[in-house]
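A.B. asks: The sequence and its predicted three-dimensional model are supplied below.
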Amino acid sequence: MSILRSFNIGVSGLSASGAGMNVVSDNISNAGTHGFKASRAEFQDVLAVSLKGIEGGDQFGAGTKLAHIKPIMTQGDVARTESITDLAIQGDGFFKVKAPFGNGYSRDGSMHFNKDGELVNGDGYKVIGFKSNEDGTLTNKEGEIKLGNTTIPAQATEKVKLSMNLDSRASVKQFDPNNPEETSNFSSSMTVYDNVGTARLITVYYNKTADNNWTYRAMVDGADAQGGEAGTMVEMAQGQLIFNDKGQLQEEVESSNAFNFNKGAQQGQKIEFSWGESISEGGDGTDASTQYGSGSAVARHTQDGASAATLGSLSFNDDGILTAVYDNGETRDIAQIAIAKFDNNEGLFKMGKNLFKESKNSGQPAMGKPGEAGRGQVLSKSIELSNVDIANEFVNLMTSQRNFQANAKTISTADKMMQEVFRIKG
């Protein structure tokens, strides 16, 4: 009877070794699969008989069995690529996609845009992220990442910021609108945009009217003004700049402001001019234009208008934010990759196609942004490789082979012993 048990024990060893070989083979075959996580076979002994009943000790084993296949959820190496839609997660978390079975989760960041402008994985499953609103501000609203309209409308200039110095040594001048260049102390030009996106050149003339007092006038050529005459400057805005005796900007006073551009533009466009935070606005004079005894000059000026534009290029940054660059130089955030985090990654259910599905053992996914609350960072133009260690798998392969041979040997030995028994009987 005990010899027959040896047959069964040997068979259990063959079966377990074969199952272990399957796990090793699967690991080796997926050594080149993006984002693949290796598995490890774990075995348990099988208890058969105790010689001392319930007292314990002196127990016969009945072989082995494959008890668990444990996923190894360690970080795979990250390789650099040239594709802007290749992403890798450095740390914990998974990309989320809309799969036929529901929500799928993956470490495979090989993605692309389909013909409808949707970001999808290699199987065409839509990638989930956090959308931005119309002005490009990212929100916490989850949804499919899609390019949407590739043209953005024009944006009228609403604010102009200047940082400059006006020469305190200048003499008072009487301004003549018919000859502004010769009758002003200083002038500077800049481009702004009307509400339909037409670029308009405005020139701001500065006249010293008294010590520490200046008048500014924003003018456009009559060719751009409603009812204007080309070559004749037309005033659109005027105000006062008042400095204290330290050369710091004390106050800005606006007298008039209405830009009436021609060729169909909306009339009465208001453009706010700012020379920095004056003392009357709560500033301390360090972040505003000045009036010092040096030459008048503009250090920098900015404006917030833009012409209508079409999409020029796209890029993901290392925060997983998809940014569109338009041909007028404007940039706008479209969406941010969402990262799913689980309490127990090893409890995820493998679905094939480099996808996992949540299970009772994994817990529910907590969605968040890259780098948030323990989630990994997203690396752009990168892809996570398989975490299979080929050298280690070859060692496991040889070990499984030896185990299989040893178990086969126990069966052949038991068979010879059984033949001896038959010979004695015969």
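C.D. replies: Arrived safely, thanks for sending.
A.B. asks: in this structure, which helix or strand is least confident?
C.D. replies: Taking mean pLDDT, DSSP states H and E as the measure, strand 151-152 is the helix or strand of the chain with the lowest mean score, a mean of 83.
A.B. asks: For the host helix or strand of Ile128, what does the pLDDT average out to?
C.D. replies: Element membership for Ile128, per DSSP states H and E: strand 126-132. Average pLDDT, strand 126-132: 95.
A.B. asks: Other residues contacting whichever helix or strand comes after that strand?
C.D. replies: Per DSSP H and E, the first helix or strand lying C-terminal to strand 126-132 is strand 138-144. Contacts with strand 138-144, where a contact means C-beta atoms under 8 Å, 6 or more residues apart in numbering, come from 98, 118-119, 126-133, 321, 333, 335-336, 338, 367. Where C-beta positions appear, they are placed from N, C-alpha and C, glycine not excepted.
A.B. asks: So among the residues you listed, which ones count as buried?
C.D. replies: Neighbour counting with 16 or more other C-beta atoms under 10 Å marks 98, 118-119, 126-132, 321, 333, 335-336, 338, 367 as buried within the contacts of strand 138-144.
A.B. asks: quick one: Ser187 and Ile202 touch, right?
C.D. replies: No: contact criterion C-beta atoms under 8 Å: Ser187 and Ile202 do not qualify, at 10.6 Å.
A.B. asks: more crowded one of these two?
C.D. replies: Ile202 (24 against 17; other C-beta atoms under 10 Å).
A.B. asks: in the chain, which helix has the most residues?
C.D. replies: Longest helix in the chain by number of residues (criterion: DSSP state H): helix 390-425.
A.B. asks: which strands and helices sit next to the strand holding Ile128?
C.D. replies: Helices and strands touching strand 126-132, by 3 or more C-beta pairs under 8 Å, 6 or more residues apart in numbering; DSSP states H and E, are strand 94-99, strand 119-121, strand 138-144, strand 331-337.
A.B. asks: Nearest to Tyr206, out of these?
C.D. replies: Checking the helices and strands packed on strand 126-132 against Tyr206 by C-beta to C-beta gives strand 331-337 as the closest, at 32.9 Å.
A.B. asks: Quick one: end-to-end distance for stretch 170-189.
C.D. replies: Taking C-alpha to C-alpha, to the nearest Å as the measure, stretch 170-189 stretches 20 Å from start to finish.
A.B. asks: Also stretch 32-46?
C.D. replies: End-to-end distance for stretch 32-46, by C-alpha to C-alpha: 36 Å.
A.B. asks: Quick check: neighbours of the least confident helix or strand of the chain in the sheet, parallel or antiparallel?
C.D. replies: Sheet partners assigned to strand 151-152 using DSSP bridges are listed as strand 309-316 (antiparallel).
A.B. asks: hmm, who's touching the partner strand?
C.D. replies: Here strand 309-316 has contacts from 84-85, 87, 147, 150-152, 322-328, 330, 334, 337, 378, 380-381, using C-beta under 8 Å, 6+ apart.
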